[in-house]
Structure formats: structure tokens, C-alpha cells
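Chemist: let's see this in three dimensions:
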Amino acid sequence: MWCRRMVMRIKKLHVLLILLAICVCAIPFRGRLFKPIAGGIQMVKGKKTVADRISEYGEAVQKRLAPSFSQVGITYPPKR
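Modeler: Reported below is the predicted structural model:
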């Protein structure tokens with residue numbers, strides 16, 4: 001009985017250490033990992049993403065802003 005408990009504790013410890021190692025290794029890639037996750041959460045919640053809003057309002061905004069940009073000699077959309 002005592003031996004089984006020790007084996008289970010060791011297994012749990014190994015699993016926790018592996019999960020910790022995965023989390024530490026993922027830290028440099030958190031930006032790349034977060035964007036798809038956040039987009040998926042937004043879709044599940046029924047909220048619109050930036051891409052959805054751009055496709056929804058992009059044409060109207062371009063029609064409204066392009067003349068002002070051309071008056072000052074800047075292309076729309078600006079490169080930066």
C-alpha cells in the first residue's frame with residue numbers, strides 16, 4: 001500500500017514537471033500561440049475579430065479616407 005502511494009506521487013510529480021517544462025518552452029512563442037487561441041475564443045463567444053471588422057467596414061472606410069490621403073499626397077492605406 002505504501003509503495004503504491006509513492007509510485008503514484010512520483011508519477012504525478014513527473015507529469016507536473018513535464019507540464020512545467022512545456023510551459024517554460026512555450027514562453028518565447030506565446031505571441032504566436034495566443035493569437036489563434038484568442039481568435040478562436042472570440043468566434044466561440046460570437047464576437048467579431050479584426051479581420052471580420054475589416055471585411056465589414058474596410059471598403060466604406062477606404063472610400064471615405066482615400067480622397068483625403070490623395071490630397072496630401074499619401075497613398076491609402078499607408079505602408080506604415
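Chemist: every contact and neighbour count from this point should use C-alpha atoms.
Modeler: OK.
Chemist: ok, Lys11 - how many residues close by?
Modeler: The tally of other residues near Lys11 (other CA atoms under 10 Å) stands at 12.
Chemist: so is it in a helix, a strand, or just coil?
Modeler: Reduced to three states with DSSP: H, G, I helix; E, B strand; the rest coil, the structure at Lys11 is helix.
Chemist: distance of it from Arg4?
Modeler: Remark: distance between Lys11 and Arg4 (CA to CA, to the nearest Å) = 11 Å.
Chemist: helix or strand for Ala21, which one?
Modeler: Using DSSP states H and E, Ala21 sits within helix 2-26.
Chemist: and the contacts of that helix?
Modeler: Residues external to helix 2-26 that are found in contact with it (CA atoms under 8 Å, 6 or more residues apart in numbering): none.
Chemist: swap the cut-off to 10 Å and go again
Modeler: Arg30, Arg32, Leu33 (CA atoms under 10 Å, 6 or more residues apart in numbering).
Chemist: can you check stretch 33-48 too?
Modeler: With CA under 10 Å, 6+ apart as the criterion, stretch 33-48 contacts Ala26, Ile27, Thr49, Val50, Ala51, Glu56.
Chemist: for the residues you listed, give me TSV that also has distance to Gln62, pLDDT and neighbour count.
Modeler: Shown next, in TSV, are those (distance: CA to CA, whole Å; pLDDT from 0 to 100; neighbours: other CA atoms under 10 Å):
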residue	distance to Gln62	pLDDT	neighbour count
Ala26	39	86	13
Ile27	38	89	10
Thr49	19	78	14
Val50	16	81	10
Ala51	15	82	10
Glu56	12	92	12
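Chemist: so where is this protein shaky, pLDDT-wise?
Modeler: Scanning the chain with the threshold set as pLDDT under 70 gives 1-2, 80.
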